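> any chance you could fold what I've pasted below:
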Amino acid sequence: AITTHKSQGLTLDYVIADLGAVFAEAQAYVAMSRASDESGLELRNFSPRRIRANPIALSFYEDPFRDFVTWDARTVKREAEAPKKEQPQVGTLQGKTVVFLGNLRTISRAKAEAMAEQMGATTRASVTRNTSILVAANKLRGGKPATSSATYQKALQLQKDGFRLHILSESQFVELIMALK
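Numbering: from 1, shown residues only. Down below sits the predicted model:
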């Protein structure tokens, strides 16, 4: 199976696409588009009876102009003056990267991530050199202490190596958010 995206430039001199096999929607197209030219494309088990078009794509041809909007000067002005997306609050976590580890007890992970992002932070799933804050719960999903995880140990190593990474408990994180609001 080819998993590299076409945008990454992978082309093949010769492609054999077995269309009798199970293909997800548009997967056959992706497989065939890898061929550098049509002379290097071999289709097997092709059946015109199995070809199906996506109904959403077909609906465009019923009225090809219905989804296009014509904007007059008033509409453009109204859009320009519309309130912008809420900006992070001042004195916040702008530019910081936050990672959450383990099962948080007082708030859900989704809510904790939303709180961090509302304050301007970026949330990630793993600790890297760019991580600013690791919020470590007491326990991992399986009940082990969070301090025994590879993520926690990597954060400690990064601290020892001189990276400015702060390890906070769940309650310390909530206190930090409340103090910044």
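> bridged to the most centrally placed residue in the chain, which residues?
Centroid check for the chain by Cα atoms, centre = their mean gives residue 124 as the closest residue, at 9.8 Å. Beta bridges link residue 124 to residue 99, judged by DSSP bridges.
> now the strands: where do they sit in the protein?
For the chain, strands defined by DSSP state E occupy the ranges 15-18, 41-44, 97-101, 122-124, 133-136, 166-169.
> need those in JSON lines (columns: mean pLDDT and distance to residue 115).
For glycine as for every other residue, the C-beta is placed from the backbone atoms N, C-alpha and C. Below are the strands of the chain laid out as JSON lines (pLDDT from 0 to 100; distance: least, Cβ to Cβ, whole Å):
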{"stretch": "strand 15-18", "mean pLDDT": "79", "distance to residue 115": "48"}
{"stretch": "strand 41-44", "mean pLDDT": "82", "distance to residue 115": "51"}
{"stretch": "strand 97-101", "mean pLDDT": "95", "distance to residue 115": "9"}
{"stretch": "strand 122-124", "mean pLDDT": "94", "distance to residue 115": "10"}
{"stretch": "strand 133-136", "mean pLDDT": "96", "distance to residue 115": "10"}
{"stretch": "strand 166-169", "mean pLDDT": "94", "distance to residue 115": "13"}
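> worst mean pLDDT across the helices and strands of this protein, which element?
helix 55-62 (a mean of 63; mean pLDDT, DSSP states H and E).
> run through the residues that contact residue 115.
By Cβ atoms under 8 Å, 6 or more residues apart in numbering, the contact list for residue 115 reads 107, 177.
> at 6 Å what do you get?
If you count contacts by Cβ atoms under 6 Å, 6 or more residues apart in numbering, residue 115 has them with residue 177.
> what separation do you get for residue 113 and residue 121?
Residue 113 sits 9 Å away from residue 121, going by Cβ to Cβ, to the nearest Å.
> name the residues of stretch 127-146 that are buried.
127, 131-137, 139-140, 146 (16 or more other Cβ atoms under 10 Å).
> same check, this time on stretch 158-175
Neighbour count says stretch 158-175 has 158, 165-167, 170, 173-174 buried, by 16+ other Cβ under 10 Å.
> cool, and stretch 28-38?
Quick answer for stretch 28-38 (16+ other Cβ under 10 Å): 28, 31, 34-35.
> quick check: end-to-end length of it?
Terminal residues of stretch 28-38 lie 14 Å apart, using Cα to Cα, to the nearest Å.
> next one: stretch 30-40
End residues of stretch 30-40 are separated by 15 Å (Cα to Cα).
> average pLDDT for that stretch?
Across stretch 30-40, pLDDT averages out at 79.
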